[in-house]
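Q: Next one to model:
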Amino acid sequence: MSDIFKGYKGRALEALKKFSIRVWSDSEIETSRGNFKGIVLPRSENDDDLHIVLKLITGYNIGVDVKTIKKMKEIGYKEAHYKIPEKEFPFTEGKPRVKLLGTGGTIASRLDYRTGAVIPAFSPGELYGAVPELADICNLETEKLFAVFSENMGPEQYKKLAVEIGKEIEKGIDGIVIGHGTDTLHHTAAALSFMVQNSPIPIVLVGSQRSSDRPSSDAALNLIHATTAAATSDIAEVMVCMFGPTSDEYGLLHQGTRVRKMHSSYRSTFRTIGDVPIATINREKITPIKKKYNKRRNDKNVKILPYFEEKVTIVYYYPNMQPDIIDSLVEHGYKGIVIAGTGLGHINKPLYPAIERAIKKGVHIYMTVQTLWGYVHMFVYDTGRDLMGLGIIPAENMLPEVAYIKLGWALGQTDDPEKVKELMLTPISNEITKGEPYNGYLIFQGGIPEVEDFLKTVHK
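A: Predicted coordinates for the structure are as follows:
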């Protein structure tokens, strides 16, 4: 397929040919549903043949149904250039040194509005060209460790990240930022919370919910906030830094073991569960919310524990779950299972024999709650007591995915049941808390009068 029609096929291709429209051209399209003006973007080979994709001057993309097109006119053309402009990142004596470790995805990017191309930026020069504010914050160094989507992050990457963080601390870096896709960012944050203990510096994971070619992108501001936290904060924790409200007023610093992605597209998707965030952050200042956290130190004493047993899984209980699911996991060599149970930590009776068989074969099984908020309380009803009698261990108020990560980390060091239990139930980074504050559980129900009145007075 000619590059001038890149990715187009069928009826969409016929429409472009009919009106002599090239991909990357500025075009005006007259349709039965209105007139549009923008840049014709290429399409993936897996996309349909019914639409032409146009990037509007606002930065948003739309799909124009070819059946509605009356006329198309090319009014300008410029070939796409994928080289991002670079500026040498200035070194300023006395500014903190921050290391940005890349795992994949777009940490920051620049949009060429003439071509519509979104160009990822990663080197210090590229980042300075895309987000020049970074030079006001720190002396930045970068290293790309991986080039994977966040769903492909796993134990191999967790372990390498932990080792590299240890090396950077030994070199005397002042703070670390980790660029990461948002979908599994909280899993990596949990893994690093267990693999990197007693860090003397901030370790800040950051991503973006919306790509940099959108006017509502959070990429640059999240990166500015994360870099500010890494460079200047006294909070020496593994943290996730993302938008607070959906506006760009401030970001939040969440503890790595108590944070979770809670919405597929909101910029304020990350929420601290069962607690409050560590701090708010904007361009001017960092304001602690929690009074207690690990403080920045001047030493290089850090404990790196890069262990993980891959034969660990998480099972989300549902009514009528069949025992062959548990049996199958055992047959395939799984050494640990975290169950996200109902209520206070329950599953149905037909699973009991399978659970008993698994534990007799040495499988470590821990119970969490799929409610996310609250504690496992298996001693309240006979169901829970029976399950504990079989050998299931309640995991307090650990989030299910945090318990999964911690069990993999624990089994990477030992398979002795008592030692695993000690590792699992000894709090390391606030994954188990003595209580949940009253404001650690806030879910408002829209539509009811008092909530609607309240929403009118607050930021969304």
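Q: C-alpha from now on. contacts and neighbour counts both.
A: Noted.
Q: Surely K421 is within a helix?
A: Yes. With DSSP: H, G, I helix; E, B strand; the rest coil as the criterion, K421 is part of a helix.
Q: Count the neighbours of it for me.
A: 18 (other Cα atoms under 10 Å).
Q: Could you measure from it over to L390?
A: 15 Å (Cα to Cα, to the nearest Å).
Q: likewise I235?
A: 42 Å.
Q: Looking at those two now, which is surrounded by more residues?
A: Neighbours were counted for I235 and for L390 using other Cα under 10 Å; I235 has more, 25 against 18.
Q: Correct me if wrong: that one contacts K295.
A: Yes. Counting by Cα atoms under 8 Å, I235 touches K295, with 5.0 Å between them.
Q: Need phi/psi at T31.
A: phi -130, psi 170 (degrees, to the nearest 10).
Q: Kindly report the same for I281.
A: Torsion angles, degrees, to the nearest 10, at I281: phi -150, psi 140.
Q: Give me the spatial nearest neighbour of it, chain neighbours excluded.
A: Among residues not flanking I281 along the chain, G251 sits closest, at 5.1 Å (Cα to Cα, 6 or more residues apart in numbering).
Q: what residues are up against that neighbour?
A: The contact partners of G251, by Cα atoms under 8 Å, 6 or more residues apart in numbering, come to N222, H225, C241, M242, F243, G244, P245, T280, I281, N282.
Q: make it 7 Å
A: Contacts for G251 were tallied using Cα atoms under 7 Å, 6 or more residues apart in numbering; they are H225, C241, M242, F243, G244, T280, I281, N282.
Q: nearest to Y60, of these?
A: F243 (20.6 Å; Cα to Cα).
Q: Residues in a beta bridge with that closest one, which ones?
A: On the basis of DSSP bridges, F243 is bridged to G251.
Q: My read is that it contacts L252, right?
A: Yes. Taking Cα atoms under 7 Å as the definition, F243 is a contact partner of L252 at 6.1 Å.
Q: Identify the contacts common to these two.
A: Contacts common to F243 and L252, judged by Cα under 7 Å, 6+ apart, are absent.
Q: quick one, helices of this structure?
A: With DSSP state H as the criterion, the chain has helices at 10-18, 124-130, 155-171, 185-195, 219-232, 323-331, 352-360, 382-390, 400-411, 417-425, 449-455.
Q: where are the low-confidence patches of the protein?
A: 1-4, 44-45, 80-86, 105-122, 211-215, 459-460 (pLDDT under 70).
Q: Domains of it: list them as residue ranges, please.
A: The chain is divided into the following domains under automatic domain parsing: 3-77, 97-304, 312-425.
Q: Which one, of those domains, ends up nearest to E450?
A: Comparing the domains of the chain by Cα to Cα, domain 97-304 comes nearest, at 20.5 Å.
Q: now the end-to-end length of the closest one.
A: Separation of the first and last residues of domain 97-304 by Cα to Cα is 21 Å.
Q: Could you count how many residues lie near V302?
A: Around V302 there are 16 residues (other Cα under 10 Å).
Q: ok, now which ones touch it?
A: V196, Q197, N198, S199, P200.
Q: For the strand ranked longest in the chain, what is the distance to the chain centroid?
A: Taking DSSP state E as the criterion, the chain has its longest strand at strand 69-77. Averaging C-alpha positions (Cα atoms, centre = their mean, to the nearest Å) puts strand 69-77 40 Å from its chain's average.
Q: Pull out the buried positions in it.
A: Residues I69, M72, K73, E74, Y77 are the ones in strand 69-77 that count as buried (16 or more other Cα atoms under 10 Å).
Q: just to revisit the earlier point, need the winner for burial among the domains of the chain.
A: domain 97-304 (a mean of 21; mean count of other Cα atoms under 10 Å).
Q: Distance check, N61 against K9.
A: In terms of Cα to Cα, N61 sits 19 Å off from K9.
Q: And for V276?
A: Using Cα to Cα, we find V276 at a distance of 51 Å from K9.
Q: could you pull out the strands for the stretch 1-150 of the chain?
A: 25-31, 34-40, 51-56, 61-65, 69-77, 97-102, 108-112, 117-121, 139-144 (DSSP state E, counting those that start in this stretch).
Q: ok, now which ones touch the residue found closest to K290 once you drop the neighbours it is linked to in the chain?
A: Among residues not flanking K290 along the chain, I278 sits closest, at 5.1 Å (Cα to Cα, 6+ apart). Neighbour list for I278: L253, H254, Q255, P288, I289, K290 [criterion: Cα under 7 Å, 6+ apart].
Q: cool, and D26?
A: By Cα under 7 Å, 6+ apart, the neighbours of D26 are G38, I39, V40, E74, I75, G76, Y77.
Q: rerun at 8 Å
A: K37, G38, I39, V40, E74, I75, G76, Y77, R114.
Q: In CSV, list these along with distance to T184.
A: Output for the contacts of D26, formatted as CSV (distance: Cα to Cα, whole Å):
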residue, distance to T184
K37, 37
G38, 34
I39, 33
V40, 32
E74, 42
I75, 43
G76, 41
Y77, 39
R114, 33
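Q: now, which of the contacts of V302 sits nearest D327?
A: Distances from D327 to the contacts of V302, taken by Cα to Cα, are shortest for V196, at 34.3 Å.
Q: wait, the closest one sits on E164?
A: No. Between V196 and E164 there is no contact under Cα under 8 Å: 10.4 Å.
Q: how far does stretch 294-303 stretch from start to finish?
A: 14 Å.
Q: tell me how far it is from the chain's mean position?
A: Using Cα atoms, centre = their mean, the offset of stretch 294-303 from its chain centre is 25 Å.
Q: Repeat that for stretch 246-265.
A: On Cα atoms, centre = their mean, the centre of stretch 246-265 falls 9 Å from the chain's centre.
Q: what about the closest residue in space to P427 that isn't next to it in sequence, how many residues close to it?
A: Nearest non-adjacent residue to P427, counting by Cα to Cα, 6+ apart: T433, 7.6 Å away. By other Cα under 10 Å, the residues close to T433 number 16.
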